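**Q** Could you look at this predicted model? Sequence included:
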Amino acid sequence: MARPRAFDERQVLERAREQFWATGYAGTRMDDIAQGTGLGKGSLYGAFAFARLSEYVHLMAENTASDTERRGCLLAKGVAELAQHDPTVAGRSAETMQALLTLLRTEISAAQRHGDIDSAADPERLAALLLTVVRGIEAVGKAGLDPQTLRNIADTALAVLPVPKGHQRSATGWSPAQEN
């Protein structure tokens, strides 16, 4: 079971920002951020695992929303047009989807290790769900759903990911549930 965080996320982000301002993006290493925040690299990566996952889902919704010409995803278009008749396209498409599933599963597993997603949930199934949501956002965006609906789909998909009992999700992960 993941331990509750013993640091203030906002303070960590502010210290990291200060480090980037001081040494620039290219001149900042994870060791610098770890030293500046007082956290280990593993804690830094884990602390923001859900934030990375959330950022990816939201980015896909924003990219689709900004595609005003409704061109859609080149991979999806190529697969739709060619996979049925071209085994090379079908194979590469399957490889790409597997790679995306692996990346999502890795992020979900990291979020589980750090208490952002319930550890009892199956990371493979959650990865498949998020991949389907992201690909679905692209499809319904191309069909003409408005940008706010696409953003709402992304928000809802992230909101339904299971959280550990007694916790609520913040922008970057979880915090102990507040009692009224």
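**A** Okay, I see it. This structure is a prediction, so every number in the text was calculated from the model and none was measured.

**Q** Going along the chain, name the strands of this structure.
**A** Applying DSSP state E to the chain gives strands spanning 167-169, 174-176.

**Q** shaky segments in the chain?
**A** 1-6, 25, 42, 45-47, 169-180 (pLDDT under 70).

**Q** Helices of that one, start to end?
**A** 9-23, 30-37, 41-47, 49-65, 74-82, 87-113, 123-142, 147-159 (DSSP state H).

**Q** Identify the residues contacting the residue nearest the centre of the chain.
**A** By CA atoms, centre = their mean, the mean C-alpha position of the chain lies nearest to Leu53, the distance being 1.3 Å. Going by CB atoms under 8 Å, 6 or more residues apart in numbering, Leu53 touches Leu104, Glu107, Ile108, Ala111, Leu130, Leu158. To be clear about C-beta, it is placed using only N, CA and C from the backbone, and glycine gets the same treatment.

**Q** Next, count neighbours for the fourth one.
**A** Look at Ala111: counted by other CB atoms under 10 Å, it has 29 neighbours.

**Q** which residues sit in contact with it?
**A** By CB under 8 Å, 6+ apart, the neighbours of Ala111 are Ala49, Phe50, Leu53, Ile117, Gly173.

**Q** Ramachandran angles for the residue located most distally from the centre of the chain?
**A** Here the centre of the chain is the reference, and by CA atoms, centre = their mean the most remote residue is His85, at 33.2 Å. Backbone torsions of His85, given as degrees, to the nearest 10, read phi -110, psi -10.

**Q** Please shift the residue numbers so they start at 51 in all later answers.
**A** Sure, I'll start counting at 51 from here, so that last one is His135.

**Q** can you count the residues close to Trp71?
**A** If we define neighbours as other CB under 10 Å, then Trp71 has 10 of them.

**Q** Same list, the helices of the chain, but as JSON lines with distance to Lys215 please.
**A** Listed next are these as JSON lines, based on distance: least, CB to CB, whole Å:
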{"stretch": "helix 59-73", "distance to Lys215": "21"}
{"stretch": "helix 80-87", "distance to Lys215": "29"}
{"stretch": "helix 91-97", "distance to Lys215": "20"}
{"stretch": "helix 99-115", "distance to Lys215": "17"}
{"stretch": "helix 124-132", "distance to Lys215": "38"}
{"stretch": "helix 137-163", "distance to Lys215": "14"}
{"stretch": "helix 173-192", "distance to Lys215": "17"}
{"stretch": "helix 197-209", "distance to Lys215": "16"}
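
**Q** right, and those helices - which one's nearest Gly216?
**A** Among those, helix 137-163 comes nearest to Gly216, with 15.6 Å by CB to CB.

**Q** relative orientation of the closest one and helix 99-115 in degrees?
**A** 140 degrees (axes from the mean of the first three to the mean of the last three CA atoms, to 10 degrees).

**Q** And Thr152, how close does it get to Asp196?
**A** Relative to Asp196, Thr152 is positioned 32 Å away (CB to CB, to the nearest Å).

**Q** That concludes my questions; thank you for your assistance.
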